[in-house]
Structures are given as structure tokens and as C-alpha cells.
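Novice: Return a 3D structure for these sequence lines:
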Amino acid sequence: MKKNRISALLLVLFTVMAFSSCSMINDFITSRMRSIAVIKVFNSNHEETKYFQPNDTLYVQIQGLKANGFYQVECLDPYDKVITMMTAEADADGVIAPSPLWYDVGFKQVWNESLHRTVAVLPTDTELGVNAFNIRVHDAEATNNVTDFKLPFFVIFNTNIARPKPIVMASRLDAGVYVVENDFKAGDGLYVQVANLKELPTPAPVSGKVMVYIVPFDAGYYKDGDPISPYVVKQEATVKQLTDGFQITATSETWAHGDSWAAGIPAYFQGKAMSVIVDVNEDGIYEEKLAGTTDYYLDGIDGNGVAGFVVEKDPVVIPPANVEYIPANIASGGVTWQHAWFENWPDYDYRDSFNPDGSGTQYGWDWQYSGYGVKAIWNPYITHDPQVPNSDKTSLYYGKYVDVYIMKAADLILTETDGINHRGMALSPTTGTHKMTMPVQYACTNGSSQQTIWRASSSELMPTGSYCVIVDVDQDGKISKGDLVDNLHRTQETPTDGVGFWVGPVPAI
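Specialist: Have a look, this model is predicted:
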């Protein structure tokens, strides 16, 4: 009896110890663990996927990070070479909201001997193969290596389905060579090429052709079932013409100017951004897939959520001889420019003044810095990645990224007469801001055109004062030829007092 009582007491004691040990162990582990970050990637239709078609846009979302932590996000090719990258700050919940990371997915840099330059080409399905690309996320500070992880994704043509998605590409004809292009000048011929465009769907349009639309770009995206309206110009083409390369030569029907495109892109469209839509069943509606199917694609678009191409202003602003930077309007509230059609083509909402709490600006819910504050909108006219292809460090897949700074105007007085004095001046972000590495779509608007570069709230006010935005195109950490500087007032083209914008009221000038 006594022996049984002792055994029972020992059993209870061991049980208590076991549970205590488990609790202590769990507490110990939990105290030393952080949430495991989760990466999600999305295409231009806002669908989560790990399989992207060429010429799409890749968006990345990360969660499980340290609240307000600063991170570097890289897109790596199958050989771990950087294609493009960005830096971003996680929000109070440890989340980096969906942000555009790689534009014009899948295109490669190839030297063209007849043109004597590097051009963008669409790889073949065989070239892409089954090699995995990767998204890498790690701490931006070199001294902190707590976070460092990857997520694989793939670029494929999706040919093994009922009807593949057409890959639409704005192009130019250069010395008999079709070149995929994002940047045109007035008078240039606009050609449209479509890969993956198979026979017409059943039932086929009576005309036996498809309709090509050139539409204004407004940073929105076409959803399945949206009407293709308004449009700049439309023109019929056969499947063969679009496969070979087809020039837009029609006259604008719904445009007040009634411009003909036969002699090239009309001068009216300088400084404008547009997208290209191929409507395969000519019903005037953007239909991504045949209703009721998951693998039967219909229409295609070059520039969904981002610009398909831009037309340069003529002339592109050239800095005075003694100034190496390019004056530009960049700081924007991001509010009024969407859906401002026709004579009032999208107003980019450039501003001279911002409220310290960012109120009155567009809420940037899905770009690098979510929230209210100063946005960055510009047409960089940046050509293909200037790095030498086939080098040990450069990926064959082209992408472009730049560094963006906000500096106090007093520390960066740049005017027409004294700009030469700041040649090579080292750049340093002002208090409360970071140097941001931002992916851009070469030669187009800076991607979504709504990135917030200085986030503000009622609890985190932007200090009052006068500021400039600097886009360090070559990422050399100083002002050099070709860099963009917002030291202009909203309506200026030539700098006067070296101020791009104020936080707080604009002083009397």
C-alpha cells in the first residue's frame, strides 16, 4: 500500500515536471524566435502566382518582418545575378505591401551586330527552360543579417494549355530589325508584335482579323471584362501581320485632334504614356480568358498597371552647359492625375507644398511605402541597363534601378548659375528619410508612378522646410551627368531658387 502511494506521488511529480519543462522550453524558444517571413508574388492582373509570362510585371509582398524594419529586396536570375532591386520599410505590422519589382519580365540584353548596340529580345521557351529565378529578402543594414531568405519563381510561355496568353510588345523597325521598345519620339513609326498569338478563337470575328487599340495609361489596370475605352486609335490586323510586326497607321477616331499615325506618332502625344491592347474577338472588351475557362486566354496587353510605352517630349530637357543634372518635376501628391483624359491628359499632381502629416495626398496602399506622403512621379527616359552584358556581375536579363534621395534645399542649392559648383557633390538623405533604391521601367514612367518616397502620418510628421528630390541614375552617390533633380516649382522648367517642394506653407517668393 505504501509502495503504491509512493509510486503515485512520483508519477504526479514527473507529470508536473514534464509540463513545466515543456512550458519553459516553449517560452525559451518563443522568446528567441521571430515570425517567419512569407513572400508572395503577383502578376499585373494582381493574381498570386509563381509562373510569369514574358513582358509581365512582377509585384512582391512580404510579411512577418520586424515592424518598421528596413529591407533590401532583390530579383535574381538563375545564376544568382541581380536583375533589379528595391529597398523598402516594413509597416507597423511587419508587412511590405505589394510593390513592383521587375518590369518587362523575361527580356534579355543581346548585342545586335547590325545595329552595333544592345537590344531587348524575347527569349525562346527553350532558353527560359525550367530554371528558377529567385526573390531574395535581407536586412538593408550590412551589420544586421538576421533576415536572409529566398522564394523561387519561373518565367514561362505557358504553351501547354488550350490557348496561350498573347504577349503584346510595342516595337520599332530599326534598319530592318524589329526592336522591342518602351521609348519613342514623335514621328517614329509604332509597330506592334505579338508572340503566342495562335489562330483566332471560335467563333472567329466575321472580319477574320483582330483589333489593336492604343489607350492612354493612367496607372490603373484593365480587369477581365472591362470596356476598352477611351482609346487613342484603333486598327485591324491579321494574326500573321501581328506575328511578323504591324505598323499603326490609322487616324484617331475618338480623339479631338483626329491625328493620323501614318507618318509616325503625332506630335500631340509628346510626354504621354500609353498601353497597347490586342482584342482578338473584336468586341471592344478586354477579356483575359474565355468565360468559364481557366486555360483559354483571349486578349493581350502591353502595359497593364504600368506604361506600355512613352513618347518623349521634344526636346527632352537639356541642362545648361555648366549644369550636369537634369531639372525635373518629381514630388507629387498623386491625387488628380488618374482618369483625366483627352485635353487634360493625366495631371501628375506635381506640388510645391505638402502638409506635415501628408494629408491631402493619395494613399499609396500598394507601393513601397504605404500611406500618405510625398510620391515620386517622373518619366526618366532611361534606356536599357547601361551595364555591359555578359560581364561576370551583370545579368543577361535586363532590369533597371536607381537611388532616390530627399535632401534639404539649403544643403543642395542648384540653380542655372551655380550647378557647376555641385558637380560630384556627395548625396546624403535628410533626417527622417532614407536613400531608396527603386526599380524603374526603362524609358517609361517610374513604374506604377505612385511610389511614396516620404511617408507621413499624424504620429510621424515630416519636418517643415524646403527640399529637393534627387534621382541618382548611375548610383554613384553623387550628382553627375544624367541625374534628375526636382528643384523646380510646379510650373517651372528652369530652376530659380533651387527648391523642389516645401513641407508646410509656401513662403512668399
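Novice: ok, how many other residues are close to the nearest residue in space to residue 46 that is not next to it in sequence?
Specialist: For residue 46, ignoring the flanking residues on the chain, the nearest one in space by CB to CB, 6 or more residues apart in numbering is residue 221 at 7.3 Å. C-beta here means a position set from N, CA and C on the backbone, and glycine is covered the same way. Residues lying near residue 221 (other CB atoms under 10 Å) number 19.
Novice: Does residue 221 lie in a helix or a strand, and which?
Specialist: Assigned by DSSP states H and E, residue 221 belongs to no helix or strand.
Novice: And the one 3 residues further on, by the same measure?
Specialist: Following DSSP H and E, there is no helix or strand that holds residue 224.
Novice: who's in contact with it?
Specialist: 45, 286-289 (CB atoms under 8 Å, 6 or more residues apart in numbering).
Novice: These in strands, which ones?
Specialist: Applying DSSP state E to the contacts of residue 224, the entries found in strands are residue 286.
Novice: Of the contacts of residue 224 - the most surrounded one?
Specialist: Result: residue 286 is most packed of these (other CB under 10 Å), 24 neighbours.
Novice: Quick check: bridge partners of it?
Specialist: Beta bridges link residue 286 to residue 226, judged by DSSP bridges.
Novice: can you tell me how far it sits from residue 186?
Specialist: According to CB to CB, to the nearest Å, residue 286 stands 27 Å off from residue 186.
Novice: same check, this time on residue 427
Specialist: 34 Å.
Novice: do residue 330 as well
Specialist: Distance from residue 330 to residue 186, by CB to CB: 23 Å.
Novice: higher neighbour count, the two?
Specialist: Under the criterion of other CB under 10 Å, the comparison of residue 330 against residue 186 puts residue 330 first, with 27 against 17.
Novice: wait, what's in contact with that one?
Specialist: Listed by CB under 8 Å, 6+ apart, the contact partners of residue 330 are 350, 376-378, 469, 471, 484, 486, 500.
Novice: Now do it, the pLDDT please.
Specialist: Turning to residue 330, the model gives it a pLDDT of 90.
Novice: Please enumerate the strands of the stretch 351-500 of the chain.
Specialist: 353-354, 372-376, 400-408, 436-440, 451-456, 465-472, 484-486 (DSSP state E, counting those that start in this stretch).
Novice: in the helix or strand encompassing residue 119, what counts as buried?
Specialist: Per DSSP H and E: residue 119 is located in strand 117-121. Counting neighbours by 16 or more other CB atoms under 10 Å, one finds that the buried residues in strand 117-121 are 118-121.
Novice: would you turn those residues into a markdown table with pLDDT and distance to residue 167?
Specialist: Compiled in a markdown table, the buried residues of strand 117-121 are given as follows (pLDDT from 0 to 100; distance: CB to CB, whole Å):
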| residue | pLDDT | distance to residue 167 |
| --- | --- | --- |
| 118 | 80 | 21 |
| 119 | 83 | 17 |
| 120 | 84 | 13 |
| 121 | 87 | 12 |
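Novice: and of these, the nearest to residue 434?
Specialist: Minimum distance to residue 434 across the buried residues of strand 117-121 is 31.0 Å, recorded for residue 120 (CB to CB).
Novice: can I assume the closest one is in contact with residue 183?
Specialist: No: Residue 120 is beyond contact range of residue 183, at 11.0 Å (criterion: CB atoms under 8 Å).
Novice: So what's the residue count around residue 114?
Specialist: 9.
Novice: so who does residue 55 touch?
Specialist: 104-107, 122, 167-169, 302.
Novice: Do me a favour and get the backbone dihedrals for it.
Specialist: phi 70, psi 10 (degrees, to the nearest 10).
Novice: again, but for residue 239
Specialist: phi -60, psi -40.
Novice: mind checking how far it is from residue 248?
Specialist: For residue 239, the distance to residue 248 - CB to CB - is 17 Å.
Novice: Neighbour count for those two, which is higher?
Specialist: Taking neighbours as other CB under 10 Å, residue 239 and residue 248 compare with residue 248 leading, 22 against 17.
Novice: Run a quick check on the more buried one versus residue 212, I expect a contact.
Specialist: Yes: in this structure residue 248 lies within contact range of residue 212 using CB under 8 Å: 6.9 Å.
Novice: where do the contact lists of those two overlap?
Specialist: The contact lists of residue 248 and residue 212 share 192, 235, where a contact means CB under 8 Å, 6+ apart.
Novice: Name the nearest residue to residue 443, sequence neighbours excluded.
Specialist: Nearest non-adjacent residue to residue 443, counting by CB to CB, 6+ apart: residue 183, 3.2 Å away.
Novice: thought that neighbour was touching residue 379?
Specialist: No: between residue 183 and residue 379 there is no contact under CB under 8 Å: 9.2 Å.
Novice: More neighbours: the two, which one.
Specialist: Shown here are residue 183 and residue 379; by other CB under 10 Å, residue 379 has more neighbours (23 against 20).
Novice: Residue ranges of each domain in the protein, please.
Specialist: Per the record, the chain has its domains at 38-155, 167-311, 315-509, by automatic domain parsing.
Novice: List the residues that are in contact with both of residue 183 and residue 379.
Specialist: Counting by CB under 8 Å, 6+ apart, the residues touching both residue 183 and residue 379 are 310, 312, 444.
Novice: any chance of the domains of the chain in CSV, plus distance to residue 161?
Specialist: Shown next, in CSV, are the domains of the chain (distance: least, CB to CB, whole Å):
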stretch, distance to residue 161
domain 38-155, 11
domain 167-311, 4
domain 315-509, 24
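Novice: which one of those domains has the lowest average pLDDT?
Specialist: Averaging pLDDT over each of the domains of the chain singles out domain 315-509 as the lowest, with a mean of 76.
Novice: rewinding a little: reformat the contacts of residue 330 as a markdown table; add neighbour count and distance to residue 507.
Specialist: Shown next, in a markdown table, are those (neighbours: other CB atoms under 10 Å; distance: CB to CB, whole Å):
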| residue | neighbour count | distance to residue 507 |
| --- | --- | --- |
| 350 | 23 | 18 |
| 376 | 27 | 24 |
| 377 | 22 | 24 |
| 378 | 22 | 25 |
| 469 | 25 | 19 |
| 471 | 26 | 25 |
| 484 | 25 | 25 |
| 486 | 25 | 18 |
| 500 | 31 | 14 |
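Novice: Quick check: the farthest pair among those?
Specialist: The largest separation in the contacts of residue 330, counting by CB to CB, is between 350 and 471 at 14.5 Å.
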